[in-house]
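Novice: Just to be clear, the model below is a prediction. Sequence and coordinates:
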Amino acid sequence: MDKKNALRAGAVTAGTTLMMLLMTSPALALTRDDGDDPAPGLSIAETLGLFVATPIILFLVIAGLVMVGDKSHKTQNQS
């Protein structure tokens, strides 16, 4: 019984994914809409800085602030 349900769930998932892929054609992205004003493209360095370096730096800053706040709280409780 479990095997039949798993097969049915897989078929529904595959069918839904296939329908979504067929309905969202990449060719539709080539037509311009009214008011469309695309910006110039980013270079590789700008892309890496924006989507890789910036999140890592933000993560490190937030983690550092949490660690500093946590250490100051522990020293007050130990006294």
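Specialist: Cool, got the structure.
Novice: Grab the longest helix from this protein for me.
Specialist: Ranked by residue count under DSSP state H, the longest helix found in the chain is helix 54-78.
Novice: show me where pLDDT drops low in this protein?
Specialist: In the prediction, the chain carries residues with pLDDT under 70 at positions 1, 25-29, 72-79.
Novice: which residue is nearest the centroid of it?
Specialist: Phe51 (10.2 Å; Cα atoms, centre = their mean).
Novice: For Leu18, see how far away it is.
Specialist: Here the criterion is Cβ to Cβ, to the nearest Å. By it, Phe51 lies 30 Å from Leu18. Using the backbone N, CA and C atoms, a C-beta is placed for each residue, glycine as well.
Novice: go on, Val66?
Specialist: 44 Å.
Novice: Next: Gly49.
Specialist: 37 Å.
Novice: more neighbours, the two?
Specialist: Gly49 (13 against 10; other Cβ atoms under 10 Å).
Novice: so what's the more buried one up against?
Specialist: By Cβ atoms under 8 Å, 6 or more residues apart in numbering, the contact set of Gly49 is empty.
Novice: Neighbours of Asp36, how many?
Specialist: Asp36 has 7 nearby residues by other Cβ under 10 Å.
Novice: Which secondary structure state is assigned to it?
Specialist: coil (DSSP: H, G, I helix; E, B strand; the rest coil).
Novice: Need the phi and psi values for it.
Specialist: As for Asp36, its main-chain torsions (degrees, to the nearest 10) stand at phi -70, psi 120.
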